[in-house]
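Student: got a structure for you, letters missing:
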């Protein structure tokens, strides 16, 4: 639901990437959204949003912050770090690399039970890695009763771009790479002329950058649903763990 959205990251200011934004912002207000919302995007996004809302007479019921970004870390909290990486397109376009913090490993319940430590509130203290005093007066180190930390996921999302050096920087060791594939294999020259990428080029980036999964998006409307069979086959020939996104697709991370 729009009211659940807290942050929006805009890759670039071409119309197919921003024309829906004022409507979304207004819908969020109409549907009772009152919590703050932050938009991140290239220089010019603030003027675009403010002019669109003003000329349409739209009034938001929530605080809106607009951050015009450069390359580097654009957002960070205890759970996520989001970095913007400049790509190569007809105007400034960014990819976003979302890095999740590592999570504390699961509690080694079997080890605790073997020591005769029953479940209860004390388990929370132990999992937090605290020094815990037991009922018999002995002290244990909670860090010795947690399994290995769970590595945070890395999600890389490409803006519109030619294949370039920063494409690899964006995708490096990503668990999921979401990359544009406007054209298909054999249309590399056309893709270069229009500052876009082919399915095979996106697959090559994923393979050489060590990504684990690839999702292809931004596919030209010239391709029909029937074309998608060969389109996906071409990409999988380079990088097998590949899928094509469609409207309302869900991917389990």
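Tutor: Now that the structure is in, tell me what you want to look at. Note that the structure is predicted; figures quoted are calculated from it, not measured.

Student: alpha carbons only for contacts and neighbour counts from here, please
Tutor: OK.

Student: Count the residues that sit near residue 40.
Tutor: For residue 40, the count of nearby residues is 21 (other Cα atoms under 10 Å).

Student: For it, which phi and psi angles does the backbone take?
Tutor: As for residue 40, its main-chain torsions (degrees, to the nearest 10) stand at phi -120, psi 140.

Student: thinking it is in contact with residue 6, fair?
Tutor: No. The pair formed by residue 40 and residue 6 falls short of the contact definition of Cα atoms under 8 Å, at 11.2 Å.

Student: Would you check that residue 174 makes contact with residue 157?
Tutor: No. Judged on Cα under 8 Å, residue 174 makes no contact with residue 157 at a distance of 9.8 Å.

Student: Confirm residue 74 sits in a strand?
Tutor: Yes. Secondary structure assignment (DSSP: H, G, I helix; E, B strand; the rest coil) places residue 74 inside a strand.

Student: which SS state does residue 70 fall under?
Tutor: With three-state DSSP as the criterion, residue 70 was assigned coil.

Student: Against residue 169, how distant is it?
Tutor: Separation of residue 70 from residue 169 (Cα to Cα, to the nearest Å) stands at 16 Å.

Student: And residue 12, by the same measure?
Tutor: Summarising the geometry, the distance separating residue 12 from residue 169, computed by Cα to Cα, is 18 Å.

Student: Show me which of the two is the more surrounded one.
Tutor: Just comparing residue 12 and residue 169: by other Cα under 10 Å the higher neighbour count belongs to residue 12, 23 against 17.

Student: Go ahead and confirm that one touches residue 93.
Tutor: Yes. Applying Cα under 8 Å, one finds residue 12 in contact with residue 93, separated by 4.6 Å.

Student: Identify the contacts common to those two.
Tutor: When contacts are counted by Cα atoms under 8 Å, 6 or more residues apart in numbering, residue 12 and residue 93 have 42, 159-160 as shared neighbours.

Student: most neighbours, which of those residues?
Tutor: Ranked by neighbour count under the definition other Cα under 10 Å, the shared contacts of residue 12 and residue 93 are headed by residue 160 with 29 neighbours.

Student: Double-check that residue against residue 180; I have them as touching.
Tutor: Yes. If you go by Cα under 8 Å, residue 160 and residue 180 touch, sitting 6.2 Å apart.

Student: And for the chain, the residue most distant from the center?
Tutor: Within the chain, the residue lying farthest from the chain centre (Cα atoms, centre = their mean) is residue 136, at 48.2 Å.

Student: confidence score at it?
Tutor: What the model reports for residue 136 is a pLDDT of 82.

Student: Repeat that for the one 4 residues further on.
Tutor: pLDDT, residue 140: 87.

Student: Check the gap between it and residue 147 for me.
Tutor: With the distance defined as Cα to Cα, residue 140 ends up 15 Å from residue 147.

Student: and if you look at residue 238?
Tutor: As defined by Cα to Cα, residue 238 lies at a distance of 36 Å from residue 147.

Student: Between those two, point out the one with more neighbours.
Tutor: The residue with more neighbours, out of residue 238 and residue 147, is residue 238; 18 against 14, by other Cα under 10 Å.

Student: what does stretch 131-149 contact?
Tutor: 102-109, 111-112, 122, 125-130.
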